[in-house]
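Chemist: Model the structure of this input:
(one chain, ligands or ions: 1)
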Amino acid sequence: MKIKAKLTLGVGLLFLCIILLAGLGTFYINALSKDTQNILVANYNTLNYSRNMIIALDEDITTSKSIKKFSENLISQKNNITEIGERELTDKLSEDFENVKSNPNDSLIYISIRKDLADIMLLNMQAIQRKSDIAKRTANDAIWWIALTGTFCFLIAFILLINLPGNISNPIRELTEGIKQIAAEKYSERVHFEGHDEFGELAVAFNTMAQKLEEYNNSSLSTIMFEKKRMETLINNMHDPVIGLDEKKIILFVNDEALKILGMKIEELTGKFAQDIAVRNDLMRSIVQELMPSKEGKQDKKPMKIYADNKESYFDKEIVDITITPTGEKEQKHIGHFIVLRNITPFKELDFAKTNFIATISHELKTPISTIKASLQLLENKNTGALNEEQKQLVESIKDDGNRLLKITSELLNLSQVETGNIQLSIQNSDPSKILQYALDAVKGQAEQKQIKLEVKTDKDLPLIKADAEKTTWVLINLLTNAIRYSHEKSEILIEVKKEVGNIIFSIRDFGKGIESKYKEKIFTRYFQVPGSSKSGTGLGLSISKEFIEAQGGNINVDSELGVGSTFAVTLNSVE
Ligand code: ADP
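Modeler: Predicted structure coming up:
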């Protein structure tokens, strides 16, 4: 039954009960009132008339006043005959009254009248008694019926009281509980209301909704699982070793390539702290060393040398920070690291071949170039014959080119040394002033050609430095040559040597074209030349200088402004 019908029935029944009780009450009150009215009209009046007639009789029936009173009451009595036998008694009274009027002195008639009146009164009193019994019965009936109907109504009201609120509130409570469970992502929750009322329909709708949500949840879970599998397969099929860590550096996944180079099984790695594995595994230690608290953030740029594929292999390590923005949030959250070791062995092998080739070529070129230079010197000698002006110019230009070739071959040789890691350093306690002087002497000619003034300022009592004098001189010559090359004619170059605690700083400042800030880092990389700069260079000078200085434990840096000039500074350790 529908809730609306239930409520209508419940309230309707209570309404009926009220009407029934009210009707019953009215009916019995009416009946009782009729009974008492009956007594009053029918019998009480007769008693009253009789009493008045007795009074009139007692007064003096012979007087006209008494006769009048008696006859009035007798007429009223005649009109108020209600009981069986009352008429006969009233007729007899009337007859006796007529007799009294004609024989006022007959005492027997008086006695007869009194008897008549007594009989009428007795008859009516008996009637009162009888009617009072009837009223009592009516009252009893009323009590009985009202009690019965009241009990019936009470039972109905009681049944409604017990059932109706529960019937409505229980499904609402169950439904609320169900909705709460769904909100807590417990999609298996169902509600069970029997019957075909509105709650039954609501339950069916709710259960359908829960089932669909459950299906959706399960299907999205399976999609996620499928995507996870796909990602795992993808990572496993990568030819480069890959390791995934969470934000606490617990290993989440390791692909087959990574397992191969680490020489470990997957179950020995996943779910473990990377630092715990690093204690036992040297390779893992060098892979995650940048993630350890002491070294966090500093990525080692050098390729890792690892024995893999039955040969010495080179891997370029890249650590990628994984950050996400959680749904509904604005702040980014760090959730781990992704380490990729890119196998660069084939490139390294090519690089080695190239370096060897460069080394061989530059070495082989050195001898013929030196011979050319020697032959030029012979040509310049007057003993070999005088040269005309044109020939002199040709010889001069061949000399310049020869010098450039020699510079290039020496740079290439240095480069091959750097690349093979074979920088042969002979670090000794050297005098910085002497090193600077060698360099200045070497570039003096070039400076004079462009009329550039070399302004030198050195601190007093410079300590000795721990350096390879030859390589440091080479670096300073290279920096001075650049400064001269990129300075305007007739300008000035400031050369300073300063002492600092534990260090000596050589700084070379020019007022030339300067370097754009975006190129400041790049100029120290191999073969890099600022676009539009002198074509005569190789782009190797600064990169080799950096290698040479860093190999000696020092550093080199630049401060420059476009159009204003550049300052290159070389810092080296001094002898304490
Ligand atoms: P290069 O042989 O081409 O000079 P370097 O490695 O010595 O190679 O220099 C790299 C680049 O840096 C140059 O191409 C040049 O553009 C820039 N550079 C170096 N020194 C200076 C300087 N003093 N002033 C302006 N640019 C410079």
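Chemist: All the helices of the stretch 1-150 of the chain, residue numbers only.
Modeler: Assigned by DSSP state H, counting those that start in this stretch, the stretch 1-150 of the chain shows helices spanning 3-38, 45-60, 64-78, 86-102, 107-183.
Chemist: CSV for these, including distance to the ligand and mean pLDDT?
Modeler: For every residue, glycine as well, the C-beta is placed using N, CA and C. Compiled in CSV, those are given as follows (distance: least, Cβ to the nearest ligand atom, whole Å; pLDDT from 0 to 100):
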stretch, distance to the ligand, mean pLDDT
helix 3-38, 89, 88
helix 45-60, 145, 89
helix 64-78, 151, 90
helix 86-102, 152, 90
helix 107-183, 66, 89
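Chemist: Can you tell me the SS state at the nearest residue to residue 405 once chain neighbours are set aside?
Modeler: Spatial nearest neighbour of residue 405, excluding adjacent residues (Cβ to Cβ, 6 or more residues apart in numbering): residue 369 at 5.1 Å. When the structure is split into helix, strand and coil by DSSP: H, G, I helix; E, B strand; the rest coil, residue 369 lands in helix.
Chemist: And for residue 369, the neighbour number?
Modeler: Residues lying near residue 369 (other Cβ atoms under 10 Å) number 19.
Chemist: got a list of what residue 57 touches?
Modeler: When contacts are counted by Cβ atoms under 8 Å, 6 or more residues apart in numbering, residue 57 touches 66, 70, 110, 113-114, 117.
Chemist: And the helices in the stretch 201-350 of the chain?
Modeler: Across the stretch 201-350 of the chain, reading from the start of the chain, the helices by DSSP H, counting those that start in this stretch fall at 256-262, 266-269, 274-280, 282-288, 345-380.
Chemist: pretty sure residue 94 is in contact with residue 73, am I right?
Modeler: No - taking contacts as Cβ atoms under 8 Å, residue 94 lies outside contact range of residue 73: 11.4 Å.
Chemist: Neighbour count for those two, which is higher?
Modeler: Neighbour count, other Cβ under 10 Å: between residue 94 and residue 73, residue 73 has more, with 19 against 16.
Chemist: so that one makes contact with residue 52?
Modeler: Yes - the criterion here is Cβ under 8 Å, and residue 73 meets it with residue 52 at 4.4 Å.
Chemist: neighbours around the residue of the stretch 51-200 of the chain found nearest the ligand, how many?
Modeler: Taking Cβ to the nearest ligand atom as the measure, the stretch 51-200 of the chain has residue 185 as its residue closest to the ligand, at 62.0 Å. Applying the criterion other Cβ under 10 Å, we find 9 residues in the vicinity of residue 185.
Chemist: dump the residue contacts of it.
Modeler: residue 217.
Chemist: ok, so what distance separates it from residue 576?
Modeler: 69 Å (Cβ to Cβ, to the nearest Å).
Chemist: coming back round to it: the residue nearest to residue 405 touches residue 404, doesn't it?
Modeler: No - with the criterion set as Cβ under 8 Å, residue 369 and residue 404 do not qualify as a contacting pair; they are 9.8 Å apart.
Chemist: host element of the residue of the chain found nearest the ligand?
Modeler: Scanning the chain for the residue nearest the ligand gives residue 537, at 2.3 Å (criterion: Cβ to the nearest ligand atom). Assigning secondary structure by DSSP states H and E places residue 537 outside every helix and strand.
Chemist: Neighbours of the closest residue to it other than its chain neighbours, how many?
Modeler: Of all residues not flanking residue 537 in the chain, residue 529 sits nearest, at 6.1 Å (Cβ to Cβ, 6+ apart). Summarising burial for residue 529: neighbours were counted as other Cβ under 10 Å, giving 17.
Chemist: pretty sure residue 529 is touching residue 541, no?
Modeler: No - between residue 529 and residue 541 there is no contact under Cβ under 8 Å: 10.0 Å.
Chemist: and residue 114, how far is that from residue 53?
Modeler: For residue 114, the distance to residue 53 under the criterion Cβ to Cβ works out to 10 Å.
Chemist: What of residue 374?
Modeler: Distance, residue 374 to residue 53, by Cβ to Cβ: 189 Å.
Chemist: Quick check on these two: which one has the bigger neighbour count.
Modeler: Here residue 374 and residue 53 are compared on neighbour count by other Cβ under 10 Å; more neighbours surround residue 53, at 27 against 11.
Chemist: residues touching that one, list them.
Modeler: Neighbours of residue 53 in contact, by Cβ under 8 Å, 6+ apart: 69-70, 73-74, 77, 93, 113, 117.
Chemist: what's the answer for residue 474, then?
Modeler: 414, 545, 548.
Chemist: Now flag whichever of these is closest to residue 45.
Modeler: For residue 45, the closest of those turns out to be residue 545, at 149.4 Å, with distances computed as Cβ to Cβ.
Chemist: so who does the closest one touch?
Modeler: With contacts defined as Cβ under 8 Å, 6+ apart, the neighbours of residue 545 are 474-475, 478-479, 556, 570.
Chemist: Now with 6 Å, please.
Modeler: If you count contacts by Cβ atoms under 6 Å, 6 or more residues apart in numbering, residue 545 has them with 475, 478.
Chemist: Tell me how far the residue of the chain positioned farthest from its centre lies from residue 95.
Modeler: With distances taken from the mean C-alpha point of the chain and given as Cα atoms, centre = their mean, the most distant residue is residue 105, at 127.9 Å. Taking Cβ to Cβ as the measure, residue 105 and residue 95 are separated by 18 Å.
Chemist: what's around residue 101, how many residues?
Modeler: By other Cβ under 10 Å, the burial measure for residue 101, its neighbour count, is 14.
Chemist: Quick check: the closest residue to it other than its chain neighbours vs residue 61, distance?
Modeler: Across the structure, with Cβ to Cβ, 6+ apart as the measure, the residue nearest residue 101 apart from its sequence neighbours is residue 67 (6.7 Å). Computed as Cβ to Cβ, the residue 67 to residue 61 distance reads 6 Å.
Chemist: before we move on, what about residue 17?
Modeler: Distance of residue 17 to residue 61, given as Cβ to Cβ: 63 Å.
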